[in-house]
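S.K.: Kindly return the folded structure for what I paste below:
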Amino acid sequence: MIPKSWWLSGLAGLVIVTAIPVVGHLIRGDREGRCAWDGLKIEPIYQVRIVEKPGITDQFCCLQCAEFWLERRGRKPIDIFVTDESSGMEIEASDAFYVRSAVATNPVTGDHRHVFRAFEDAKKHAESAHGRQLLGDERPFEKKRLTDSGNPQKTGR
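M.R.: Numbering: from 1, shown residues only. Predicted coordinates for the structure are as follows:
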């Protein structure tokens, strides 16, 4: 016969083990405003949003996390949106000007790339932060932009 104290200890242990995930979720809060790749809090001016298919959107804290996620997925998304650092407005990734500079956008990932809607803003940031504009295949997501035939699209900037 098992003593009553063993039953109570076992029941208490079961309750604790069951409660741990619930308590963890409550402490962390919801996933809104967190990067889909590494779970970091998203700084709004560096946010990247990828539309995988209608109704399915993922948000990222920086360009690098979004690129890692795309590499892992291996599928062409419907669209990619980035945030203009000057205005905070979301724009299509293909319309953006990109600059790599000494200023980190995400110290955890080490990403130093910045996004601008206007060429003048990109040029100003590059000059003031010891950077340079990214062109051709250096531009984020260029390798992920495929036509339906699977051939890379030519994008100029």
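S.K.: All the helices of this protein, residue numbers only.
M.R.: 4-28, 63-73, 119-128 (DSSP state H).
S.K.: I'd like the ones you listed written out as CSV, with distance to residue 99 and mean neighbour count added.
M.R.: Backbone N, C-alpha and C define where each C-beta goes, glycine included. As requested, the helices of the chain are exported to CSV (distance: least, C-beta to C-beta, whole Å; neighbours: other C-beta atoms under 10 Å):
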stretch, distance to residue 99, mean neighbour count
helix 4-28, 34, 9
helix 63-73, 11, 19
helix 119-128, 5, 16
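S.K.: Out of those helices, flag the one nearest residue 82.
M.R.: Nearest to residue 82 among the helices of the chain is helix 63-73; the distance by C-beta to C-beta comes to 7.2 Å.
S.K.: and stretch 10-19, how far from the chain's centre?
M.R.: In terms of C-alpha atoms, centre = their mean, to the nearest Å, the centre of stretch 10-19 is set 36 Å apart from its chain centre.
S.K.: Kindly report the same for stretch 88-105.
M.R.: Averaging C-alpha positions (C-alpha atoms, centre = their mean) puts stretch 88-105 13 Å from its chain's average.
S.K.: on that earlier part again, mind putting the helices of the chain in CSV, distance to residue 49 and mean pLDDT included?
M.R.: CSV is the format used below for these (distance: least, C-beta to C-beta, whole Å; pLDDT from 0 to 100):
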stretch, distance to residue 49, mean pLDDT
helix 4-28, 22, 69
helix 63-73, 8, 93
helix 119-128, 20, 97
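S.K.: Which one of those lies nearest to residue 106?
M.R.: For the helices of the chain, proximity to residue 106 was assessed by C-beta to C-beta; helix 63-73 is nearest, at 6.9 Å.
S.K.: where does the protein dip in pLDDT?
M.R.: Flagging of the chain using pLDDT under 70 yields the residue ranges 1-2, 17, 19, 21-32, 143-157.
S.K.: run the last query once more with 50
M.R.: By pLDDT under 50, the low-scoring segments of the chain are 145-157.
S.K.: tell me the domain boundaries of it?
M.R.: Domain ranges of the chain: 1-30, 44-144, per automatic domain parsing.
S.K.: Which one, of these, ends up nearest to residue 36?
M.R.: Distance to residue 36, taken as C-beta to C-beta, is lowest for domain 44-144 among those, at 4.0 Å.
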